[in-house]
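Engineer: sequence below, structure please.
(4 chains, ligands or ions: 2)
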Amino acid sequence: MPDLSHRRADFPILHQQVGGHPLIYLDSAASSQKPRQVIDALVRYYERDNANVHRGLHELSNRATEQFEAVRAKVARFIGAASADEVIFTRGTTEGVNLVAQVWASHFLRPGDVIVSTGMEHHSNLVPWQLAAERCGAVVKYVPVLEDGTLDLAALRALLEEGSVKLLTCVHVSNSLGTINPVAQICAWARALGITTLVDGAQAVGHMPVDVQAIGCDFYVFSGHKICAPTGIGVLYGRAEVLANMPPWHGGGEMIDSVTLEGSTYKQAPARFEAGTPDIAGVIGLGAAIDYLEGIGIEVIHAHGQELIQATLQKLQTVPGLRVLGPPPPVQRGSLAAFSLACAHPHDLVEYANTKGLALRGGHHCTQPLMRRFGVVGTSRASFYLYNTHAEADRLVEVLHQAVKFFS
Amino acid sequence: MPDLSHRRADFPILHQQVGGHPLIYLDSAASSQKPRQVIDALVRYYERDNANVHRGLHELSNRATEQFEAVRAKVARFIGAASADEVIFTRGTTEGVNLVAQVWASHFLRPGDVIVSTGMEHHSNLVPWQLAAERCGAVVKYVPVLEDGTLDLAALRALLEEGSVKLLTCVHVSNSLGTINPVAQICAWARALGITTLVDGAQAVGHMPVDVQAIGCDFYVFSGHKICAPTGIGVLYGRAEVLANMPPWHGGGEMIDSVTLEGSTYKQAPARFEAGTPDIAGVIGLGAAIDYLEGIGIEVIHAHGQELIQATLQKLQTVPGLRVLGPPPPVQRGSLAAFSLACAHPHDLVEYANTKGLALRGGHHCTQPLMRRFGVVGTSRASFYLYNTHAEADRLVEVLHQAVKFFS
Amino acid sequence: MAAEDAALRDLYQQVILDHSRHPRNQGRLDGPDCHHARGHNPACGDEVEVWLKTGPQGQIEDIRFEGQGCAISQASASLMTLALKGASPEAARRLMADFHALVTGASAVGDAEALGNLLALEGVQKFPQRIKCATLAWHAAEQALNQGTQNGRSS
Amino acid sequence: MAAEDAALRDLYQQVILDHSRHPRNQGRLDGPDCHHARGHNPACGDEVEVWLKTGPQGQIEDIRFEGQGCAISQASASLMTLALKGASPEAARRLMADFHALVTGASAVGDAEALGNLLALEGVQKFPQRIKCATLAWHAAEQALNQGTQNGRSS
Ligand SMILES: Cc1ncc(COP(=O)(O)O)c(C=O)c1O
Ligand SMILES: Cc1ncc(COP(=O)(O)O)c(C=O)c1O
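Structural biologist: Ligands and ions are numbered 1, 2, ... in the order given. Predicted structure coming up:
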């Protein structure tokens, strides 16, 4: 297994005590921590180069613009897009999905059309489609989740073939189950039927190699804050041909071609979808995060996450009354585990763990329908990233044993 | 005049050379520079407290949530809102306007309804209404701008009284003319007629005292990056009664009450309009920026800006062939001046100034209709903030004289 | 016992663990003069429903609850039913205000004695994120009581 | 002369200032075999329109422009008309490619001699933000030429 423990030194936040114990941060699926290199990039930007982009001709503005657009090209390469023009900067996954659900859906959905989604989507890739369907008179149909936490692929195919399906949306890696969906296969089926596809990569990018052209999706979304980048920045990838047919979204500076009081004309993508001053420092920070991750190697990070989660799943079996959602080992999964404990509600368990220095998350993880599917109100979740260690996983299991004693 | 020159030490970026000259940053209307105090707040957040907000129970998440919500209350106080629940965090002015133009307008505008706007709006407060009008079958009518750069208030009143007007939108301080519009008066007229109001405060907040209740508007928008805060964060103020009647905007995490596959219910404002992980660090930075500005005193900053711009306007009269747009001195205006020079196009002038270390902006400043109104393609603009000095203004005038010689 | 265990023991006192494991007065009520309201915590999805039967003077003749939630919310609901049963509307509202004061620490508790076993929930003060858990059932009970006495929201 | 003045003088050579102050071949063309296209720079709002009259072999018999813009875009348009007048479509396209190479520095210039006075625009290379200014009229001319020769975009 790749040893990344020396990388912990890059993360200032990890070296603190919580409740008299060393902090063990197991909530990276909610938001990752930031390495010194990313924080430094922000500071450098604000101390040397800060200015508004695109509209200036002075030195700082030129520097800011150059760095900003360089990150667009970097992101394109990072996710295997054909061109930097296919990379739209957003606040995060949620905004990316909503952009598509508003612009694409309003333009292409007709009453009676069908959107196919799944039973394991994050609210951010679920509610926007419910709202879009309501607006357009379309219907959302859901692919069931099987007991082992995988999608019912036969049902998915059948739904696609029912006709009237215009869009398929699917999470790449589930934030509650860990399930890695076969998105390339699913998108191939959809493409063959002329169905547009969106993949929610919030838990995939930065954890495993992602190549949007290999996946063959039309849209792909992710958040910077989950992959060592600052909060407030994310990416919507859109295939050039699809973006070319979409009307504008927000009106404002940057996205216009020419404005008169009688009406206006608009630029092409990506500018067309980026009205107003963007989160320039956020973009610079995203670039630094990608550099950081690629400096380690996404394959290495992936292998480390796999080792860690598989070992943890084994150890969790020793905890009485503990039930893990999602694919049983040794099936590959995202480096996270959500579980319920017979004797303790997630709130109580997370509170307990917190007093031992562990940062877990408890609740529905923004997947209420999935929780209902598995008959739980919520679960507790431990999620790993490159800075977590086997020792930390061991400590998690130890604290869970203690919690069982405390609450039984 | 208040001497703020000791504050320059707070801004690391100002202490550099550009083209062999000390940088003179005169582009704060596009984006302000950041004091050490704001940069430090970002670093501190990422090094000590970073975690996702609202959904956690662990220590870091609690800290992040507490700081995040404290800034909401701080912003409310800063702009005189009645409650923190009236403060919605956005990416900036542009997003705030678009939120209202999408949510409020879609819900309340009917075919034939009228939106009243003005001839001096930034594209960000112009294009969204054109798009909204197109969607809803409404019409946008524009208040003319008089030769002295003020609004034709008689025409404005007449437009309001024509009937069918549902919304009035108006810039508080023009980013091209410097004009300070009498928004309290205008909003009072509108209110008496039951017309909803939005004020674009991008150039007002942080430069002069702003009290949304005294103004009496329904919506007020501004950007953090123009008031010493990080890029990527801004505020939409909405009066509680108005927000209460608005349907949700983006779907996703944080904004839901309960989600089922059949449909969902939503939280009240502000959460209702803040789907997904927000720009947490940006919010923390905005709080630090407000602390910084209030530490100096908004009145002091205002007085400093007034002194500086009035003195500069006097000196600019010595430059041959130079014409300043906007109200002539000694009328109060925003601390900026956009001007054209007979012998040099703005691009050439800004390029020239850049080689002398001056950061000016040249072009239409996202107000193309206004440029057309005054018969220019574009202008060059110098804009001041608290860190600018009289010596810098003098140097600007000197360089303009040199430019006239160079290009004539 | 380590310091964090002391804090934990403060939050999870034995009476709380006991009531969370064996909640009293679970179930529903049906019939005339029965009022019902629902409390929901969107952050975690927890839900508590409260039923309440009022007598001729508006006093609480019976009270039951159902729902899922953490130890704090379950114990709080269970202890609440015991404290509210038989109370006059005025006494009930005083108790509600005092309980709120107890868990938030925002104001002084008027009548500590009346709170009785509920005093065990004082530890919540040190865990502000858990105030919503502790008050979930109370908000529902207040709503149901307001329906029963039809005099609007008490504050 | 200070260093920045040297850079400035590189960008604003005398021939450029001259042509920007006194642009040649301003105006429009009208009639059969006249083609017209428009170049627009959304960043600054500048616009240049180009008219071009092609002869029987497609050669450029006359060329004019109108529009507003900075010294670089005006001088570039003016010098362009002088260079393109009389050129065959092939020669015009070679010149366009060479001019692009000159101002971007992206590739080597094929025939520097043919560029003549246009070489004065080489200084733009050091000011990447100004490449759009220098090429504004050229993009319009290329479009107009494509209409005239109806063989799609040259590259
Ligand atoms: C008056 C005015 N309105 C709106 C905006 C748009 O602000 P932002 O680009 O931060 O969204 C600006 C600044 O560019 C402005 O000056
Ligand atoms: C699978 C998935 N989709 C969407 C989101 C929403 O991302 P964000 O809150 O950054 O917009 C998340 C994370 O919260 C997620 O895990």
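
Engineer: what sits against residue 121?
Structural biologist: With no chain named, the answer covers chain A. A:169, A:170, A:171, A:200, A:367, A:369, A:370 (C-beta atoms under 8 Å, 6 or more residues apart in numbering or on different chains). For the C-beta atoms, the positions are set from N, CA and C on the backbone; glycine is no exception.

Engineer: other chain: chain C
Structural biologist: C:16, C:72, C:75, C:76, C:79, C:99, C:102, C:103, C:134.

Engineer: swap in 7 Å and give it another go.
Structural biologist: The contact partners of residue C:121, by C-beta atoms under 7 Å, 6 or more residues apart in numbering or on different chains, come to C:16, C:76, C:102, C:103, C:134.

Engineer: swap in residue A:379?
Structural biologist: Here residue A:379 is in contact with A:325, A:338, A:339, A:340, A:346 (criterion: C-beta under 7 Å, 6+ apart).

Engineer: same deal with residue C:111?
Structural biologist: C:94, C:98.

Engineer: at 10 Å what do you get?
Structural biologist: Each residue near residue C:111 by C-beta atoms under 10 Å, 6 or more residues apart in numbering or on different chains is listed here: C:91, C:94, C:95, C:97, C:98.

Engineer: for the residues you listed, give me a markdown table that also has secondary structure.
Structural biologist: Formatted as a markdown table, these follow (DSSP: H, G, I helix; E, B strand; the rest coil):
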| residue | secondary structure |
| --- | --- |
| C:91 | helix |
| C:94 | helix |
| C:95 | helix |
| C:97 | helix |
| C:98 | helix |
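
Engineer: I'd like those residues laid out as CSV, including neighbour count.
Structural biologist: CSV is the format used below for the contacts of residue C:111 (neighbours: other C-beta atoms under 10 Å in any protein chain shown):
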residue, neighbour count
C:91, 16
C:94, 16
C:95, 22
C:97, 17
C:98, 20
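
Engineer: the contacts of residue C:121 in strands, which ones?
Structural biologist: Per DSSP state E, strands hold no members of the contacts of residue C:121.

Engineer: quick check, nearest of the contacts of residue C:111 to residue A:92?
Structural biologist: Nearest to residue A:92 out of the contacts of residue C:111 is residue C:97 (C-beta to C-beta; 41.2 Å).

Engineer: per-residue confidence for that closest one?
Structural biologist: At residue C:97, the predicted lDDT confidence score is 96.

Engineer: name the single longest helix found in chain C.
Structural biologist: Looking across chain C with DSSP state H, the single longest helix is helix C:131-149.

Engineer: using PDB, write down the CA coordinates of it.
Structural biologist: C-alpha atoms of helix C:131-149 as PDB (Å, rounded to 0.1, in the frame of the first residue of the first chain):
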ATOM      1  CA  ILE C 131     -30.700  22.200  21.600                       C
ATOM      2  CA  LYS C 132     -32.800  21.400  18.600                       C
ATOM      3  CA  CYS C 133     -32.800  17.700  19.600                       C
ATOM      4  CA  ALA C 134     -33.900  18.500  23.200                       C
ATOM      5  CA  THR C 135     -36.700  20.900  22.100                       C
ATOM      6  CA  LEU C 136     -38.000  18.900  19.200                       C
ATOM      7  CA  ALA C 137     -40.900  17.300  21.100                       C
ATOM      8  CA  TRP C 138     -41.500  20.500  23.100                       C
ATOM      9  CA  HIS C 139     -42.200  22.600  20.000                       C
ATOM     10  CA  ALA C 140     -44.700  20.000  18.900                       C
ATOM     11  CA  ALA C 141     -46.400  19.900  22.300                       C
ATOM     12  CA  GLU C 142     -46.600  23.700  22.300                       C
ATOM     13  CA  GLN C 143     -48.400  23.700  19.000                       C
ATOM     14  CA  ALA C 144     -50.800  21.000  20.000                       C
ATOM     15  CA  LEU C 145     -51.500  22.800  23.200                       C
ATOM     16  CA  ASN C 146     -52.200  26.000  21.300                       C
ATOM     17  CA  GLN C 147     -54.700  24.100  19.200                       C
ATOM     18  CA  GLY C 148     -56.300  22.800  22.400                       C
ATOM     19  CA  THR C 149     -56.600  26.200  24.000                       C
END
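
Engineer: check which helix or strand residue A:314 maps to.
Structural biologist: Assigned by DSSP states H and E, residue A:314 falls within helix A:298-316.

Engineer: and that helix, what's its mean pLDDT?
Structural biologist: For helix A:298-316, the mean confidence score works out to 97.

Engineer: just checking, what packs against it?
Structural biologist: helix A:280-296, strand A:322-324, strand A:336-341, strand A:379-383, helix A:390-407 (3 or more C-beta pairs under 10 Å, 6 or more residues apart in numbering or on different chains; DSSP states H and E).

Engineer: now do that helix against helix A:280-296, angle only.
Structural biologist: 80 degrees (axes from the mean of the first three to the mean of the last three C-alpha atoms, to 10 degrees).

Engineer: mind listing what's buried in helix A:298-316?
Structural biologist: Neighbour-count burial for helix A:298-316 flags A:298, A:300-302, A:304-309, A:311-313, A:316 (criterion: 16 or more other C-beta atoms under 10 Å in any protein chain shown).

Engineer: just stretch A:157-174 next, same as before
Structural biologist: In stretch A:157-174, counting by 16+ other C-beta under 10 Å, buried: A:157, A:159-160, A:165-174.

Engineer: measure residue A:310 to residue A:34 for me?
Structural biologist: Computed as C-beta to C-beta, to the nearest Å, the residue A:310 to residue A:34 distance reads 27 Å.

Engineer: what's the spacing between the closest residue to residue A:100 other than its chain neighbours and residue A:130?
Structural biologist: Excluding the flanking residues, the one nearest residue A:100 by C-beta to C-beta, 6 or more residues apart in numbering or on different chains is residue A:219, at 5.3 Å. Distance of residue A:219 to residue A:130, given as C-beta to C-beta: 18 Å.

Engineer: so where do the strands sit in chain C?
Structural biologist: C:34-41, C:46-54, C:60-68.

Engineer: can you lay out these as TSV showing mean neighbour count?
Structural biologist: Output for these, formatted as TSV (neighbours: other C-beta under 10 Å):
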stretch	mean neighbour count
strand C:34-41	19
strand C:46-54	24
strand C:60-68	20
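
Engineer: among the ones you listed, which comes closest to residue B:79?
Structural biologist: strand C:34-41 (30.6 Å).

Engineer: let's see that closest one as CSV, backbone CA atoms only.
Structural biologist: In CSV, the C-alpha atoms belonging to strand C:34-41 read as follows (Å, rounded to 0.1, in the frame of the first residue of the first chain):
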residue,chain,number,x,y,z
CYS,C,34,-57.2,15.4,21.1
HIS,C,35,-54.7,17.6,19.4
HIS,C,36,-51.7,16.6,17.4
ALA,C,37,-48.6,18.3,16.1
ARG,C,38,-45.3,17.2,14.5
GLY,C,39,-41.7,18.4,15.0
HIS,C,40,-39.1,17.9,12.4
ASN,C,41,-35.4,18.5,12.3
